[in-house]
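Colleague: just a sequence and a predicted model for now, questions to come.
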Amino acid sequence: MKTVEPIQYYPLGDNAIVIQLGNEISESIQHHISSICSFLEDYSFEGLIEYVPAFTSITIFYDALVTDYGGVQSLLEEMLQEIMEGIEEEEAPIVEIPVLYGGTQGPDLSYVANHAGISEAEVIALHTAGEYLVYMIGFAPGFPYLGGLNEKIAVPRKETPRGKIAAGAVGIAGAQTGIYPIETPGGWQIIGQTPLKLFDVERQPPALLKAGNKLRFVAISAAEFEKIKRQSDGD
């Protein structure tokens, strides 16, 4: 596996440390980040509060009354040396996300098609043909930022964001595609909707996806959408 740049550490406020693994978004860096997160799930140190993975970094929050920046950095340097030596390329399982494209669920599908100079069916074919990597979760609880979108269907954000986008809405903004986990305002071009719950406070873990997951979108019919939605809602 391709190695990352020399790891850098810097403070964020008075109770967090950022581990910077590089400056370019890449699958290699994301794999390293996922490996570190997996280690932290099983290994905890005194004062650890939580960790937040991003595109090229991980921020670790700690209790400043229990430990300090220097102590945490020393511990992390020792820990990461062990992790980096043991990292191997692994194939992540593919999560299938069913999507009802177009219509009221995907009001911007026609815009994406016109922008790309292709038919709506071709947009759907390109969107479902891709294999996407979850680089990070952000913006809203459980919102996955996905890499792997076919550049032919990359489109700009809406000039005026919508005041309300339904939970499960699948959108495109720039060279990324993503899924809105909860009802929220947003400016992505909405091409469909999944009946799955991406975020549920009653579920453990609440978020369906996490950084490092790989997924594929699968086109479904309106009848299939309603059936899966009822199952997802527990009806």
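Modeller: Yes, it's here.
Colleague: hey, where'd the helices end up in the protein?
Modeller: 27-42, 69-86, 109-116, 120-129, 222-233 (DSSP state H).
Colleague: pull the residues that contact the fourth one.
Modeller: Read it as helix 120-129. Residues from elsewhere that reach helix 120-129, judged by CB atoms under 8 Å, 6 or more residues apart in numbering: 99, 101-102, 109-110, 112-113, 116, 118, 149-150, 152-153, 177, 191-192, 216-219. Every C-beta, even on glycine, is put in place using the N, C-alpha and C of the backbone.
Colleague: okay, angle between that helix and helix 109-116 too, please.
Modeller: Interaxial angle of helix 120-129 relative to helix 109-116 (axes from the mean of the first three to the mean of the last three CA atoms, to 10 degrees): 90 degrees.
Colleague: follow-up on the earlier one: got a PyMOL select line for the buried ones in the contacts of helix 120-129?
Modeller: This is how PyMOL selects the buried members of the contacts of helix 120-129, with burial counted by 16 or more other CB atoms under 10 Å:
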select buried, resi 99+101+102+109+112+113+116+149+153+177+191+192+217+219
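Colleague: tell me which of the contacts of helix 120-129 fall in strands.
Modeller: Among the contacts of helix 120-129, the members falling in strands (DSSP state E) are Val99, Tyr101, Thr177, Ile191, Gly192, Arg216, Phe217, Val218, Ala219.
Colleague: ok, now which ones touch the first one?
Modeller: By CB under 8 Å, 6+ apart, the contact set of Val99 is Thr128, Val170, Gly192, Gln193, Thr194, Phe217, Val218, Ala219, Ile220.
Colleague: now swap in the third one and tell me
Modeller: Applying CB under 8 Å, 6+ apart, one finds that Thr177 lies in contact with His127, Tyr132, Leu146, Leu149, Val170, Gly171.
Colleague: same question for the fifth one.
Modeller: Listed by CB under 8 Å, 6+ apart, the contact partners of Gly192 are Val99, Leu100, Tyr101, Gly102, Gln105, Gly106, Leu109, Ile124, Ala169, Val170, Phe217.
Colleague: now the phi/psi pair for the residue of the chain most remote from its centre, please.
Modeller: The C-alpha centroid of the chain is most remote from Leu65, which lies 32.1 Å away (CA atoms, centre = their mean). Dihedral pair for Leu65: phi -80, psi -10, per degrees, to the nearest 10.
Colleague: mind pulling the model confidence for it?
Modeller: Note on Leu65: pLDDT of 94.
Colleague: surely Cys37 and Ile137 touch.
Modeller: No - counting by CB atoms under 8 Å, Ile137 is not a contact partner of Cys37; they are 10.9 Å apart.
Colleague: show me how this structure divides into domains.
Modeller: Domain assignment for the chain by automatic domain parsing gives 8-86, 94-233.
Colleague: pick out the shakiest of those domains, pLDDT-wise.
Modeller: Confidence, taken as mean pLDDT, is least for domain 8-86 of the domains of the chain (a mean of 87).
Colleague: next one: that one to chain centre, how far?
Modeller: Centroid displacement of domain 8-86 relative to its chain, using CA atoms, centre = their mean, to the nearest Å, is 18 Å.
Colleague: what's near enough to touch Ala140?
Modeller: Tyr180, Pro181, Ile182, Thr184, Phe199.
Colleague: from Gly103, how far out is the residue positioned nearest the centre of the chain?
Modeller: Centroid-nearest residue in the chain, with CA atoms, centre = their mean: Pro144, separated by 2.5 Å. Going from Pro144 to Gly103 by CB to CB, to the nearest Å gives 23 Å.
Colleague: if anything else comes up later, I'll come back, but that's it for now.
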